[in-house]
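> pasting the sequence and the predicted model now:
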Amino acid sequence: MSESPLRIVVAKPGLDGHDRGAKVVARALRDAGMEVVYTGLHQTPEQIVEAAIQEDADAVGLSVLSGAHMTLFAKVVDLLKARDASDIVVFGGGIIPDADIPALQAMGVATVFTPGATTQDIVGWVREHVTAH
């Protein structure tokens, strides 16, 4: 394990008005010893990427319930690439059809957690797949 804790930005892109799940995940990651920045509701992909870069994040966790996950996740991944920050791992969760997950992974989303995933699942995945810069 690295000396510095992992830095994770948890974000709610788009027009979702429900952030309980994102807050639960943010708290679980923080309780597991990670530094977590929760950006709040109604964030644009540009705001999320700016926060990730400013915070020197190791990963960005996106929560989308609105059905706009294909567009919003793609925009975040593309903006990170454009800012030469594609080393920041992007993972997501929310109400996302299983059929969309392979396309999200093909565009650069590392993994997607669907309803039923536990906070232990998420914390374990982040510990295993995200490394500190």
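Ah, there it is. Numbering: from 1, shown residues only.
> what helices or strands is the helix or strand that contains Val60 leaning on?
Assigned by DSSP states H and E, Val60 belongs to strand 59-64. Other elements packing on strand 59-64 under the criterion 3 or more CB pairs under 8 Å, 6 or more residues apart in numbering; DSSP states H and E are strand 7-11, helix 20-31, helix 45-54, helix 69-82, strand 89-94, helix 119-129. (C-beta placed from N, C-alpha, C; glycine too.)
> next one: the third one to chain centre, how far?
When you say that, I think you mean helix 45-54. 11 Å (CA atoms, centre = their mean, to the nearest Å).
> starting at the chain centroid, how far to the strand holding Val60?
2 Å.
> reformat the helices and strands packed on strand 59-64 as TSV; add mean pLDDT.
TSV is the format used below for the helices and strands packed on strand 59-64 (pLDDT from 0 to 100):
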stretch	mean pLDDT
strand 7-11	98
helix 20-31	97
helix 45-54	98
helix 69-82	98
strand 89-94	97
helix 119-129	98
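> which one of these lies nearest to Ser63?
helix 20-31 (4.1 Å; CB to CB).
> who are the packing partners of the closest one?
Contact here means 3+ CB pairs under 8 Å, 6+ apart; on that basis helix 20-31 packs against strand 7-11, strand 35-38, strand 59-64, strand 89-94, helix 119-129.
> mind listing what's buried along it?
Using 16 or more other CB atoms under 10 Å as the test for burial, helix 20-31 gives Gly21, Ala22, Val25, Ala26, Ala28, Leu29, Arg30.
> nearest to Ile96, of those residues?
Nearest member of these to Ile96, counting by CB to CB, is Gly21, at 12.1 Å.
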